[in-house]
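Chemist: A predicted structure for the sequence below; I have some questions about it.
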Amino acid sequence: MSKKNDLARRKRQHEFDLRREKEEKEKKAKKLQAKKNKMKVDSNSKKKGGFQVGKRKVKTKLTALAKAKAAQAMEVDK
């Protein structure tokens with residue numbers, strides 16, 4: 001009988017393969033669970049930046065001109 005066909009060797013190799021498959025499956029499940037949890041957290045806590053000026057929504061990164069217009073619009077509202 002050749003070395004590769006040895007019963008003990010085949011048995012050990014089979015057990016090793018089973019163990020590796022089980023670890024891969026657990027790792028994949030863990031990754032999927034983490035992804036699901038991350039999606040839950042992101043969807044609940046994600047808030048869009050910006051504020052309301054009149055009927056228009058103004059983004060938080062404003063240019064100088066946009067800031068002046070927003071300030072002017074706020075003065076009109078008061």
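Modeler: It's in. Numbers count the residues shown, from 1 in each chain.

Chemist: pLDDT weak spots in the protein?
Modeler: 1, 39-62, 76-78 (pLDDT under 70).

Chemist: packing partners for the top helix by length along it?
Modeler: In the chain, ranked by residue count with DSSP state H as the criterion, the top helix is helix 7-45. Under the contact criterion of 3 or more C-beta pairs under 8 Å, 6 or more residues apart in numbering; DSSP states H and E, the helices and strands touching helix 7-45 comprise an empty set. C-beta here means a position set from N, CA and C on the backbone, and glycine is covered the same way.

Chemist: list the buried residues for it?
Modeler: Burial within helix 7-45, assessed by neighbour count using 16 or more other C-beta atoms under 10 Å, is assigned to no residue.

Chemist: stretch 66-78 now?
Modeler: Using 16+ other C-beta under 10 Å, the residues of stretch 66-78 that count as buried are Ala70.

Chemist: C-alpha coordinates for it, PDB please?
Modeler: Coordinates of each C-alpha in stretch 66-78 appear next as PDB, following Å, rounded to 0.1, in the frame of the first residue of the first chain:
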ATOM      1  CA  ALA A  66     -24.600  80.400   0.700                       C
ATOM      2  CA  LYS A  67     -23.900  81.300   4.300                       C
ATOM      3  CA  ALA A  68     -24.700  84.900   3.600                       C
ATOM      4  CA  LYS A  69     -28.000  83.900   1.900                       C
ATOM      5  CA  ALA A  70     -28.900  81.700   4.900                       C
ATOM      6  CA  ALA A  71     -28.200  84.400   7.400                       C
ATOM      7  CA  GLN A  72     -30.300  86.800   5.300                       C
ATOM      8  CA  ALA A  73     -33.100  84.300   5.100                       C
ATOM      9  CA  MET A  74     -33.000  83.800   8.900                       C
ATOM     10  CA  GLU A  75     -33.200  87.600   9.400                       C
ATOM     11  CA  VAL A  76     -36.300  87.800   7.200                       C
ATOM     12  CA  ASP A  77     -38.000  85.000   9.200                       C
ATOM     13  CA  LYS A  78     -37.500  86.900  12.500                       C
END
